[in-house]
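*Asks:* No sequence on hand, only this structure:
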Ligand SMILES: Nc1ncnc2c1ncn2[C@@H]1O[C@H](COP(=O)(O)OP(=O)(O)OP(=O)(O)O)[C@@H](O)[C@H]1O
Ligand SMILES: [Mg+2]
């Protein structure tokens, strides 16, 4: 017996949960919780003999009815079953991600699970005792009765004959006991078979309905009210993803139908996300099923299989790794699915945009170039060009280059537009094939080169002439030939030669033989590239010593653009751009002062000035503070830091040098 105090507390709990379960102010979840708590309390009270069996049974039934009304109601406010609906709707598309995914749970297998059998036994036992006490007229021992929720819409759907909901009810208020129905509580067979066998409702497909068609499969997890095959769940699943389409049973579709419905090709489906791979294994084996289903292939595998089917065994590396406008030739680029070497040139028949280099079957590298134009070149050299000379730098935009508006406009006209509309830029309008960017050091010539690389969409070969002369001593001549040959195979192409003066300086008596040969070769190639009308190769040279360039080369670099020191607006743009990445408290008039005082600075000098100024706030700190300070505690850059920076940063270009550039520009330049 309980103490009076404990009993009082017990009573108040009863009242409280009864209020919660019936109150209109409580949410459906709270009501369900209260009902569950009440059921537990009834069991507890009955076990302590506080309630008579009949009373316990009555209370239990009422409570269970209330509970199932909440759980099974589709009403978004008063019921919980809407959650189940949405979860099922969410789960359904994941099944569609993979053709062969299916749950390990099926109508048959779920009843063979030990946990389900234990539940069935326990449920049947307790129901037996309660129903017996209440004098119920029918006993139902079907697995579906245990697991299946009551039928909303059927009065007393939870079963007036007991607390456990059942799948079907006869007109007399007792449950249908199917023919051949399972009679024992521990029976692990599937639920009863109806007299007229019906196909499985397709909606149970997400949970792996693989039961034979003769089973009248009662939905295992509730919520499906109609069992006539036109379940609302099917339309829920489809209406989410296929608005406007006639809803039909999703589970009944074959893979092809589903693919067609979802508007993707089988190839798309094969390249489905890894989720499909993860789901491709059923929970409890399902190996037998797996062997009947089409094998899942990744897009890569499929591509490889198709290539093998079409072209036979791989004698050469596929060029399919080339894809974008900017062709990938370098070491850092994708090298195809199995290939070690990415051939740099297209097949002569044009069928394969990237193929061209024969690979040894052992994958040890290229043997002989397949393209006629690469014949006679050392494959090693071709590969060097493709891996080292093709540009890989971060993208540079036109806005990153401050000032030099005329040069930028001209380059756009010569490089970008002809690439965009080669049909317009023909004949007289044909773009020049050689450009020379000249001007004082640090004015952005190399930067412009990088910008052309990013923006032109052509294959961009960037080489420093000094590396040609120093790195490949004695081989420079071959290198130059290989460079132009590869570029010819990779049209449209831009060859950017930085410090071109060291390659094309005036030929003199004291010159080394190999250097002279290389220079001659360059001129020959430049001539070929610039005179051949069908070649779409642009050579861009940059130099800060234009006066040293051989006149023969100068003639071939027809557009000679002066890249001068930045004017005030350009200097302002550089400062603003650099300071925008830092914490800086420069007022407008202070910025104007910085711009004014940096007159005569090159772009590189202005950059250096800003670097120096940015160190000012750090220098103002004590050494001890530097060790402990957080990044946000560093004081912002102020005008005083620029004042200090001006003490150490001076212009790198002298007025005398400037005079030389301007005079050369007046003589040979193509500026306004
Ligand atoms: N017009 C500019 N706009 C923005 N930044 C510039 C500009 N000019 C120079 N710079 C800055 O100076 C740096 C050096 O420029 P760059 O290497 O392009 O000069 P360069 O003209 O090629 O010099 P050199 O003749 O010595 O090779 C750039 O990385 C950039 O930070
Ligand atoms: Mg440079």
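*Replies:* Ah, there it is. From a predicted model like this one, the values you see are computed outputs, not experimental measurements. Ligands and ions are numbered 1, 2, ... in the order given.

*Asks:* So which residues of the protein form strands?
*Replies:* 357-359, 366-369, 434-438, 459-464, 493-498, 537-543, 559-562 (DSSP state E).

*Asks:* Turn those into a markdown table, columns for distance to residue 585.
*Replies:* From N, CA and C alone the C-beta is placed, and that goes for glycine too. Output for the strands of the chain, formatted as a markdown table (distance: least, CB to CB, whole Å):
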| stretch | distance to residue 585 |
| --- | --- |
| strand 357-359 | 57 |
| strand 366-369 | 58 |
| strand 434-438 | 37 |
| strand 459-464 | 39 |
| strand 493-498 | 38 |
| strand 537-543 | 37 |
| strand 559-562 | 37 |
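
*Asks:* Now the weakest link among those, please, by mean pLDDT.
*Replies:* Sorting these by mean pLDDT places strand 357-359 lowest, at a mean of 33.

*Asks:* what's the spacing between the spatially closest residue to residue 412 that is not a sequence neighbour and residue 575?
*Replies:* Excluding its sequence neighbours, the residue lying closest to residue 412 (CB to CB, 6 or more residues apart in numbering) is residue 398, at 7.6 Å. Distance, residue 398 to residue 575, by CB to CB, to the nearest Å: 19 Å.

*Asks:* what about these two, which has more around it?
*Replies:* Taking other CB atoms under 10 Å, residue 398 and residue 575 do not tie; residue 575 has more neighbours (23 against 16).

*Asks:* Name the nearest residue to whichever residue of the stretch 301-450 of the chain sits closest to ligand 2, ignoring sequence neighbours.
*Replies:* Residue of the stretch 301-450 of the chain nearest ligand 2, by CB to the ion: residue 446 (3.3 Å). Excluding the flanking residues, the one nearest residue 446 by CB to CB, 6+ apart is residue 498, at 5.6 Å.

*Asks:* Same check on residue 414?
*Replies:* Distances taken as CB to CB, 6+ apart put residue 431 closest to residue 414, at 4.8 Å, once the chain neighbours are dropped.

*Asks:* got it, and residue 590?
*Replies:* residue 639 (4.0 Å).

*Asks:* so the one you found makes contact with residue 587?
*Replies:* Yes. The pair residue 639 / residue 587 is scored as a contact, 7.4 Å apart, by CB atoms under 8 Å.

*Asks:* Quick check, pLDDT for the residue nearest to residue 590.
*Replies:* Looking at residue 639, its pLDDT reads 95.

*Asks:* Also residue 263?
*Replies:* If you check residue 263, the pLDDT there is 34.

*Asks:* start the count at 34, not 1, going forward
*Replies:* OK, 34 is where the count begins now, so the last one is residue 296.

*Asks:* domains for this protein, by residue range?
*Replies:* Under the assignment the TED database, the domains of the chain span 61-106, 407-595, 601-684.

*Asks:* Can you add distance to residue 695 and give these back as a markdown table?
*Replies:* Shown next, in a markdown table, are those (distance: least, CB to CB, whole Å):
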| stretch | distance to residue 695 |
| --- | --- |
| domain 61-106 | 82 |
| domain 407-595 | 8 |
| domain 601-684 | 13 |
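
*Asks:* Who has more neighbours out of residue 672 and residue 620?
*Replies:* Between residue 672 and residue 620, residue 672 has the larger neighbour count (other CB under 10 Å), namely 18 against 10.

*Asks:* what sits against that one?
*Replies:* 619, 620, 623, 626, 627 (CB atoms under 8 Å, 6 or more residues apart in numbering).

*Asks:* Lowest mean pLDDT among the helices and strands of this protein, which one is it?
*Replies:* Using mean pLDDT, DSSP states H and E, helix 265-274 stands out as the lowest-scoring helix or strand of the chain, at a mean of 31.

*Asks:* My read is that the residue nearest to residue 447 contacts residue 573, right?
*Replies:* No. Counting by CB under 8 Å, residue 573 is not a contact partner of residue 464; they are 11.6 Å apart.

*Asks:* Between the two, which is the more surrounded one?
*Replies:* residue 573 (28 against 19).

*Asks:* Count the neighbours of residue 551 for me.
*Replies:* 26.

*Asks:* ok, the nearest residue to it once chain neighbours are set aside to ligand 2 distance?
*Replies:* Ranked by CB to CB, 6+ apart and with sequence neighbours excluded, the top spatial neighbour of residue 551 is residue 509, at 3.6 Å. Distance from residue 509 to ligand 2, counting by CB to the ion, to the nearest Å: 20 Å.

*Asks:* check contacts around residue 509.
*Replies:* Taking CB under 8 Å, 6+ apart as the test, what residue 509 contacts is 501, 502, 547, 548, 550, 551, 554.

*Asks:* Redo the residues you listed as a markdown table? Include distance to residue 520 and pLDDT.
*Replies:* Formatted as a markdown table, those follow (distance: CB to CB, whole Å; pLDDT from 0 to 100):
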| residue | distance to residue 520 | pLDDT |
| --- | --- | --- |
| 501 | 14 | 71 |
| 502 | 19 | 68 |
| 547 | 22 | 74 |
| 548 | 22 | 76 |
| 550 | 20 | 82 |
| 551 | 17 | 83 |
| 554 | 14 | 86 |
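
*Asks:* I'd guessed residue 498 sits against residue 538; true?
*Replies:* No. Counting by CB under 8 Å, residue 498 stays clear of residue 538, with 9.4 Å between them.

*Asks:* between these two, who's got more neighbours?
*Replies:* residue 498 (24 against 19).

*Asks:* Excluding chain neighbours, give the residue nearest to the more buried one in space.
*Replies:* residue 536 is the one closest to residue 498 (CB to CB, 6+ apart), at 3.5 Å.

*Asks:* where does the protein come near ligand 2, residue by residue?
*Replies:* Contacts of the chain with ligand 2, taken as CB under 5 Å from the ion, map to 478, 479.

*Asks:* Spell out which parts of the chain neighbour ligand 1.
*Replies:* Counting by CB under 6 Å from any ligand atom, the positions of the chain adjacent to ligand 1 are 434-437, 474-480, 575, 577, 599, 603, 607, 636-637, 640.

*Asks:* from those residues, which would you call buried?
*Replies:* 434-437, 475-480, 575, 577, 599, 603, 607, 636-637, 640 (16 or more other CB atoms under 10 Å).

*Asks:* Report the spatially nearest residue to residue 625, omitting neighbours in sequence.
*Replies:* In space, and not counting its chain neighbours, residue 625 is closest to residue 605: 8.0 Å by CB to CB, 6+ apart.

*Asks:* Would you mind stating the distance between the one you found and residue 98?
*Replies:* Going from residue 605 to residue 98 by CB to CB gives 80 Å.
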